[in-house]
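Chemist: Pasted the sequence and its predicted model underneath.
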Amino acid sequence: MSTQVQFLNGLNTIGGNVVSFTQGNTRLVMDFGVNFAPAETPTGDLLADGTLPALPDLFTDVDSDMATTIFVSHLHLDHMGALKYLTKPTDVYMSQASADLYQVLTELGTESAPNATIKVIPFETPMMFGDFEVTFFETDHDARGAAAIRVRDGVHTFVHSGDVRLDGPHPERVNHWADILREAHIDLFLLEGTEFSFDADDETEHVRHTEMSVQQDFGQILDEHHQLVVINPYERNIDRLEALQNTARLHGREILWDKQFATIMRAMGVADVKEIDWEAVVADPNHYVVQNHFNQLHDLDQFDGQFVYLHMNGEPLGEYDPRFAELQAYLEANHVELQRSGASGHAKPEDLVSLAQHVNAQKTVTWHSFKPEKEAEALRKVGLNVYLPTKGETLVY
């Protein structure tokens, strides 16, 4: 029986990439995210404009005889944000760390997908779904529990890279699964290309920051400034939050977290997490670092602009989000510089080329990028067979 590989979303966007593998009435879908979608937008409109993948039987009352299973490579919104729109009970597999984080986010009300039945797939433990075998491999991304995913149909091997980087804390994870895939002579490699989206002369591209350099820079800022330091990180990057707390203590400061961050960190095993006590901060601001979410921005009014603000990949992420202009305006009104102090969870272009060369698939698809054709050109230059599908296109194996 043939396998149909259909590209449903994310071919020329950063995130929201969705692919399905179908054989008979067995359908595997991975990932299941959306790009920025205002909360008030009706599901029907999100389907119509292509924000949601063209799987109407999962988002409406349309009947289907397909047995669908969803796989989530990691718990960033652009890879799992469509779960909340499911209208029928559906099994959703992810790593243990992702499932743990999803549970606490659900308890906090940050996530709510009543029709998503969360199940765990251990790393490097093949599981059968119909005639498909699915294996998760631990990888390095800025989300704990992130995975690359291999699918076998008994004859062919397909791999979804997920989001990946090689200059993070754990490149050995990536090298491990890349070595395994190279030996497997895979048929189709779906490779993210986020960093190909940006031109080399972009201002943000002059310096490549890593998780390690973020901590070094953070420590230097703490030493140089004798006033309150405010950070805006992403609550799902647990490893960075724990590292920031450790760095602050090494430099004589204590990070205070809001209740949501503190709850998430404790649930994910971070020790000795302290919540915000504004009375203590006002009394001795240069002893503290305060985590501040955009929704609590005006908590900073009491400091009359006497603080340093570090934007660490928290929300709002960038100019595409209308809230970012609000953040900029608030800081400008208080004469506070918006300092970007984050690191990408995505591999450098040259690292993506090296990774694709090492895997050496029969065919490589570039996606999860504003400029997939730019990545494709780079891969062709090193002799790889690259294919750029169109949205909705199906390859048959």
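Modeler: Noted; the coordinates are in hand.

Chemist: how about the helix or strand of the chain with the lowest mean pLDDT: buried residues?
Modeler: Every helix and strand of the chain was ranked by mean pLDDT, DSSP states H and E. The lowest is helix 43-48, at a mean of 85. Using 16 or more other CB atoms under 10 Å as the test for burial, helix 43-48 gives 43, 46, 47. Just so you know, the C-beta spots here come from the backbone N, C-alpha and C atoms, and that holds for glycine as well.

Chemist: Also stretch 329-349?
Modeler: Neighbour-count burial for stretch 329-349 flags 330, 331, 336, 341, 342, 343, 344, 345, 346, 347, 348, 349 (criterion: 16+ other CB under 10 Å).

Chemist: Am I right that the fifth one is in contact with residue 214?
Modeler: Yes. Assessed by CB atoms under 8 Å, residue 342 is found in contact with residue 214 at 6.7 Å.

Chemist: any residues in contact with both of those two?
Modeler: residue 312 (CB atoms under 8 Å, 6 or more residues apart in numbering).

Chemist: before we move on, the earlier item: what residues sit buried inside the next helix or strand after the least confident helix or strand of the chain?
Modeler: Once helix 43-48 ends, the next helix or strand along the chain (criterion: DSSP states H and E) is helix 56-59. Going by neighbour count (16+ other CB under 10 Å), the buried part of helix 56-59 is 58, 59.

Chemist: How far away from the center of its chain is helix 56-59?
Modeler: Counting by CA atoms, centre = their mean, to the nearest Å, helix 56-59 is centred 24 Å from the centre of its parent chain.

Chemist: What is it packed up against?
Modeler: Under the contact criterion of 3 or more CB pairs under 8 Å, 6 or more residues apart in numbering; DSSP states H and E, helix 56-59 touches helix 43-48.

Chemist: what does the helix it packs on rub up against?
Modeler: Contacts of helix 43-48 (CB under 8 Å, 6+ apart): 34, 37, 52, 54, 56, 59, 60, 85.

Chemist: One more pass at 7 Å, please.
Modeler: 37, 52, 56, 59, 85 (CB atoms under 7 Å, 6 or more residues apart in numbering).

Chemist: Apart from its neighbours in sequence, what residue is nearest the third one?
Modeler: Same thing as residue 56. residue 62 (5.0 Å; CB to CB, 6 or more residues apart in numbering).

Chemist: can you check the second one too?
Modeler: With CB to CB, 6+ apart as the measure, residue 46 is the residue that lies nearest to residue 52, at 4.5 Å, once sequence neighbours are left out.

Chemist: Now do the most centrally placed residue in the chain against residue 164, distance only.
Modeler: In the chain, the residue lying closest to the centroid (CA atoms, centre = their mean) is residue 76, at 3.7 Å. As defined by CB to CB, to the nearest Å, residue 76 lies at a distance of 13 Å from residue 164.
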